[in-house]
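Undergrad: model this:
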Amino acid sequence: MRVGLTYDLRRDYLEAGYSLEETAEFDRPDTIDALEGALRKLGHETDRIGNAPSLIRRLAAGDRWELVFNIAEGLHGIGREAQVPAILDVYDIPTTFSDPVLMGLSLHKGMTKLALRGLGLPTPDFAVVATMDELDAVDLPYPLFAKPIAEGTSKGIDARSKVADPRELVARVEELLARYRQPALIETFLPGREFTVGILGTGSRARALGVIEVALNAGAEPEVYSYENKERCEELVTYTLAEDALADECAELALKCWRGLGGRDAGRVDLRADAQGRPSIIEINPLAGLHPEHSDLPILCNLKGIPYLELIREIVESAGERVAVGGIARSTTALASSERG
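TA: This next block holds a predicted model:
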């Protein structure tokens with residue numbers, strides 16, 4: 001089967017003059033190499049498409065694919081993660097991972113929290129502030145946590161994100177609004193343990209793959225899984241499998257979130273516990289990173305003893321089952337079975 005690959009390559013944007021932080025969500029060449037290598041081992045022909053503008057040019061030239069494996073994050077706007085899935089929908093070309101609706105919803109953390117509340121799932125109390133004048137209406141107990149409404153990879157999060165009083169809140173929100181040119185999300189700070197739950201599958205076939213706990217090492221920015229801590233995670237963060245009662249509760253909540261919001265194929269749900277040890281959902285990531293060693297979902301797989309090839313196989317199988325693309329699930333299952341045998 002011919003599988004196209006859509007992605008944003010970090011070095012391309014750096015060469016175009018964008019900063020390290022602006023390109024933080026984009027992929028390294030070795031991620032694309034690993035993904036393409038896995039797809040070829042699964043018996044597929046691959047075609048590197050690249051980012052959304054490249055996809056548009058290729059489609060206009062008449063190129064088509066049986067499936068597109070999409071990890072493109074997009075560059076502009078709150079709906080940027082929905083751009084490639086939406087373009088492919090126009091041409092009725094199936095793609096891995098969630099549809100444009102969930103991609104757009106999940107990047108807007110305020111909208112996500114409203115949807116979680118509608119599902120009856122726990123998430124910290126919050127307010128969305130688009131201008132400094134709106135701060136007067138915020139009525140939440142301190143300490144609070146402030147971050148951009150629609151960034152990934154913990155962009156806009158550092159040790160100052162936890163604010164202790166109105167003076168600190170004003171300074172932090174003012175900086176966020178000016179720097180990221182989007183509303184700020186203000187929510188109750190959760191001081192407890194932090195987890196991420198890996199999810200594989202779609203709908204009733206979705207399952208919680210496992211739970212990892214995120215613990216900050218000495219020298220890390222304290223109390224927050226910040227941009228700096230993520231960028232230097234190999235030295236600043238310890239990831240361990242969590243298999244206690246609280247982890248089980250997190251897995252149950254994550255699966256309800258995934259199914260309730262319509263997540264597809266694979267992704268992550270991030271949670272943190274409050275002072276009483278009760279977990280709340282922080283956010284859902286339906287377009288999780290896939291670097292074999294650096295990204296949270298493959299890190300979880302590595303801790304569980306699940307090979308990277310198996311992760312990619314399951315993602316493609318899930319897409320194949322959903323869109324009924326002839327032969328996807330059968331061919332990858334047969335190949336993987338022969339390799340295991």
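
Undergrad: Show me the longest strand that occurs in the chain.
TA: Ranked by residue count and defined by DSSP state E, the top strand of the chain is strand 207-216.

Undergrad: what comes up buried for it?
TA: 208-214, 216 (16 or more other CB atoms under 10 Å). C-beta here means a position set from N, CA and C on the backbone, and glycine is covered the same way.

Undergrad: Same check on stretch 163-171?
TA: 163, 168-169.

Undergrad: same check, this time on stretch 167-185
TA: By neighbour count with 16+ other CB under 10 Å, stretch 167-185 contains the buried residues 168-169, 172-173, 176-177, 180, 182-185.

Undergrad: thinking again about what came up before, list of residues touching the longest strand of the chain?
TA: 193-201, 222-223, 225, 229, 236-243, 247-248, 250-252, 254-255, 296, 299-301, 303-304, 306 (CB atoms under 8 Å, 6 or more residues apart in numbering).

Undergrad: ditto for stretch 9-22
TA: For stretch 9-22, contacts defined as CB under 8 Å, 6+ apart pick out 23, 26-29, 32, 50-51, 75, 155, 227.

Undergrad: ends of it, how far apart?
TA: 12 Å (CA to CA, to the nearest Å).

Undergrad: Repeat that for stretch 93-106.
TA: First-to-last residue span, stretch 93-106, CA to CA: 22 Å.

Undergrad: per-residue confidence averaged over it?
TA: Mean pLDDT, stretch 93-106: 96.

Undergrad: Please state the offset of it from the chain centre?
TA: The gap between where stretch 93-106 is centred and where its chain is centred comes out at 12 Å by CA atoms, centre = their mean, to the nearest Å.

Undergrad: Going along the chain, name the strands of the chain.
TA: Counting by DSSP E, the strands of the chain are 2-6, 45-50, 67-70, 126-129, 144-148, 162-163, 184-188, 194-200, 207-216, 237-241, 266-273, 279-285.

Undergrad: Tabulate these in JSON lines, adding columns for distance to L135 and mean pLDDT.
TA: JSON lines is the format used below for those (distance: least, CB to CB, whole Å; pLDDT from 0 to 100):
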{"stretch": "strand 2-6", "distance to L135": "39", "mean pLDDT": "96"}
{"stretch": "strand 45-50", "distance to L135": "41", "mean pLDDT": "98"}
{"stretch": "strand 67-70", "distance to L135": "38", "mean pLDDT": "97"}
{"stretch": "strand 126-129", "distance to L135": "6", "mean pLDDT": "97"}
{"stretch": "strand 144-148", "distance to L135": "10", "mean pLDDT": "97"}
{"stretch": "strand 162-163", "distance to L135": "11", "mean pLDDT": "96"}
{"stretch": "strand 184-188", "distance to L135": "8", "mean pLDDT": "97"}
{"stretch": "strand 194-200", "distance to L135": "27", "mean pLDDT": "98"}
{"stretch": "strand 207-216", "distance to L135": "29", "mean pLDDT": "96"}
{"stretch": "strand 237-241", "distance to L135": "32", "mean pLDDT": "95"}
{"stretch": "strand 266-273", "distance to L135": "24", "mean pLDDT": "98"}
{"stretch": "strand 279-285", "distance to L135": "22", "mean pLDDT": "97"}
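
Undergrad: now for these, which one comes closest to G120?
TA: G120 lies closest, by CB to CB, to one member of the strands of the chain: strand 279-285, at 11.4 Å.

Undergrad: Would you mind getting the angle between the closest one and strand 184-188?
TA: Per axes from the mean of the first three to the mean of the last three CA atoms, to 10 degrees, the angle that strand 279-285 makes with strand 184-188 is 160 degrees.

Undergrad: The residue nearest the centre of the chain: what's it in contact with?
TA: Most central in the chain under CA atoms, centre = their mean is N285, positioned 3.0 Å from the mean C-alpha point. By CB under 8 Å, 6+ apart, the residues touching N285 are 106, 152, 267-270.

Undergrad: How about G267?
TA: 97-98, 198-199, 258, 284-288, 297.

Undergrad: do the same with C257
TA: 116, 119, 121, 263, 269, 281, 284.

Undergrad: Need the nearest residue in space to the fifth one, chain neighbours excluded.
TA: Of all residues beyond its chain neighbours, the one nearest V269 is A254 (3.6 Å), with distances taken as CB to CB, 6 or more residues apart in numbering.
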